[in-house]
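Q: whatever this is, show me its structure:
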Amino acid sequence: MSNQRQKLTLHPDRLFSSDDKVIAVARELYAAIKDLPIISPHGHTDPKWFAQNSNFENATDLLIRPDHYVFRMLFSQGVSLESLGIPQQGEKGDLDASRHVDPKATWQLLADNMHLFAGTPSGYWLDDTFANVFGFTEKLCSDNALEYYDEINKQLATPEFTPLALMDRFNIELIATTEGALDQLPHHVALKGTAFESRVITSFRPDDVVDASREDFKQNVQRLAEMTGEDTTLWTGYLAAIRKRRAYFKEHGRATATDHGHPTALTANLSASECQALLDKTLAGEADEGEQELFRAQCLTELAGMSIEDGLVMQIHPGAHRNHNQQLFDRYGRDKGADIPSQTEYVNALKPLLTKFGNNPELNIILFTLDETTYSRELAPLAGHYPSLKLGPAWWFHDSPAGMLRFRQQVTETAGFYNTVGFNDDTRAFLSIPARHDVARRVDCRYLAELVTNHQITIDDAHKLAYELTYGLVKKAYKL
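A: Presented below is the predicted three-dimensional model:
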């Protein structure tokens, strides 16, 4: 049970299969790549952490409250977000709720419910973090919760646990944060002239000025006009304003990529007059759901053209039904663990964009999915043909040992390895980054080992591929 003390042991052959022949090869491959630097080209860590380099407050504010993987599981079992100290709409900053809820009480709730995470990626990441970052030898449980809490807080207060010190300890060569189009990037600007200027970069995510279904869309487009001096009520001015923000992100945040979290992968190629009419309707608040979707679709095509112009790599993350729990959204706002995967179509949805730009060697698109049924049917064939397309790794709900293995099994025969881009952790949970990358490295070594033991590739091929999947492909794909 969760309240009993148990030894915390991470087996050296974890995730390497149960086949002794595969394990032996996987060990050899993993030994050669396990200590390579971490490249984290897409994530959601707070840039303030790195600019201010202050010690983290406490275990709860670092390991529970920013991590929707953790609190969504607790919520699913009846633990209220209030009891976890998750801030409600109107409260300032992620940590303000700590004024109302004792972080020790929240930590105890996690410890009391650790059994919920058995067999999940979150449970694996937490155990890895507790063992390898903090040195615990017992599993977290009800009985040792406060011992854990006090020891973590003691370590967090030391110079070795400042964000920049952890960057070095974790061997993170580069980490990319993600900011909205209206962000002025003060924390990235503050890093200019420091040793971390080129190690902490941003990614440009324009959803705040592209998603016409957002409740703040009209205000955001007006702010875009004020920031850029462009008339964003005109289609040409709207596009010019976005171009200026992209240039700002490249200059002040050293961005190499954009990110687009659209509900679908739909793209469009409308005439200029049709675009203007659509913009007019969205700004007037008169666009229905279909027209809002068409607006996003046209914007994806326009943004692909901008990527050809300025060289930013385009990441498309479609297929999430955002904020599915309306009551939770109304009370707590976005990103509270209520996003649910939806069925996603790519072949027809991407055709307008690919018809216009798909053969252009200057376009680099990385496609992601939450719909695993599309791996072998749609995504692998698309990436295996169009020079502009690469496949992003198993993402979000599939960022797991089994999900990563399914990804390799379903895309490799059609798209190969070199039409994929390595791994990215896509996380707010900073201390879990080493664990997440270690999972990816172990699963890739297992998959390669299976190919070797099946005599499909040689061990020399496998060593080269292990390096590329861990380090080489991600640097090339994100132009690092």
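Q: the stretch 51-200 of the chain: helices as residue ranges?
A: Counting by DSSP state H, counting those that start in this stretch, one finds helices in the stretch 51-200 of the chain at the ranges 59-63, 68-76, 81-84, 103-112, 121-132, 145-156, 163-169, 186-190.
Q: what domains does the record give for the chain?
A: Following automatic domain parsing, one gets these domains for the chain: 20-55+162-477, 56-161.
Q: first-to-last residue distance for the longest one?
A: Using CA to CA, to the nearest Å, the span of domain 20-55+162-477 from its first residue to its last is 34 Å.
Q: and that domain, how far from the chain's centre?
A: The chain centroid and the centroid of domain 20-55+162-477 are separated by 7 Å under CA atoms, centre = their mean, to the nearest Å.
Q: averaged pLDDT, that domain. What do you get?
A: For domain 20-55+162-477, mean pLDDT rounds to 97.
Q: circling back: tell me which of the helices of the stretch 51-200 of the chain is the most buried.
A: For these, average neighbour numbers computed from mean count of other CB atoms under 10 Å are highest in helix 59-63, which has a mean of 22. C-beta here means a position set from N, CA and C on the backbone, and glycine is covered the same way.
Q: output the contacting helices and strands for that one.
A: When contacts are defined as 3 or more CB pairs under 8 Å, 6 or more residues apart in numbering; DSSP states H and E, helix 59-63 packs onto helix 103-112, helix 145-156.
Q: distance from the shortest one to the middle of the chain?
A: In this case it means helix 103-112. 26 Å.
Q: packing partners of that helix?
A: For helix 103-112, the packing partners by 3+ CB pairs under 8 Å, 6+ apart are helix 59-63, helix 68-76, helix 81-84, helix 145-156.
Q: can you add mean pLDDT and distance to residue 415 and give the ones you listed back as CSV?
A: Listed next are those as CSV, based on pLDDT from 0 to 100; distance: least, CB to CB, whole Å:
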stretch, mean pLDDT, distance to residue 415
helix 59-63, 93, 36
helix 68-76, 91, 28
helix 81-84, 90, 40
helix 145-156, 98, 42
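Q: for residue 24, find the nearest of those.
A: helix 68-76 (32.9 Å; CB to CB).
Q: can I get that closest one as PDB, trimmed to CA atoms?
A: Coordinates of each C-alpha in helix 68-76 appear next as PDB, following Å, rounded to 0.1, in the frame of the first residue of the first chain:
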ATOM      1  CA  HIS A  68      -0.600  18.900 -15.100                       C
ATOM      2  CA  TYR A  69       0.400  15.300 -15.500                       C
ATOM      3  CA  VAL A  70       0.500  15.000 -11.700                       C
ATOM      4  CA  PHE A  71      -2.500  17.000 -10.700                       C
ATOM      5  CA  ARG A  72      -4.800  15.700 -13.400                       C
ATOM      6  CA  MET A  73      -4.400  12.200 -12.000                       C
ATOM      7  CA  LEU A  74      -5.100  13.400  -8.500                       C
ATOM      8  CA  PHE A  75      -8.100  15.300  -9.700                       C
ATOM      9  CA  SER A  76      -9.400  12.200 -11.500                       C
END
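Q: before we move on, the earlier item: tabulate the helices and strands packed on helix 59-63 in a markdown table, adding columns for distance to residue 139.
A: As requested, the helices and strands packed on helix 59-63 are exported to a markdown table (distance: least, CB to CB, whole Å):
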| stretch | distance to residue 139 |
| --- | --- |
| helix 103-112 | 10 |
| helix 145-156 | 10 |
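Q: residue 52 is nearest to which of these?
A: Of the helices and strands packed on helix 59-63, nearest to residue 52 by CB to CB is helix 145-156, at 14.7 Å.
Q: ok, back up a step: of the helices and strands packed on helix 59-63, which is nearest residue 467?
A: When these are compared by CB to CB, helix 145-156 sits nearest residue 467, at 32.9 Å.
Q: any chance you could list what contacts the closest one?
A: By CB atoms under 8 Å, 6 or more residues apart in numbering, the list of residues contacting helix 145-156 from outside reads 55-60, 62-63, 103-104, 107-108, 110-112, 130, 134, 136, 140, 161.
Q: so how far is residue 175 from the residue nearest to the spatial centre of the chain?
A: Closest to where the C-alpha atoms of the chain average out (CA atoms, centre = their mean) is residue 426, at 1.8 Å. As judged by CB to CB, to the nearest Å, residue 426 and residue 175 stand 12 Å apart.
Q: next one: residue 317
A: Distance, residue 317 to residue 175, by CB to CB: 18 Å.
Q: swap in residue 120?
A: Distance, residue 120 to residue 175, using CB to CB: 24 Å.
Q: between these two, which is the more surrounded one?
A: residue 175 (24 against 14; other CB atoms under 10 Å).
Q: need the phi and psi values for the nearest residue to the more buried one once chain neighbours are set aside.
A: Distances taken as CB to CB, 6 or more residues apart in numbering put residue 40 closest to residue 175, at 4.3 Å, once the chain neighbours are dropped. Per-residue torsions, residue 40: phi -120, psi 80 (degrees, to the nearest 10).
Q: touching, residue 40 and residue 172? I think so.
A: Yes: counting by CB atoms under 8 Å, residue 172 is a contact partner of residue 40 at 6.1 Å.
Q: shared neighbours, those two?
A: By CB under 8 Å, 6+ apart, residue 40 and residue 172 have these common neighbours: residue 433.
Q: the two: who's more crowded?
A: residue 40 (25 against 20).
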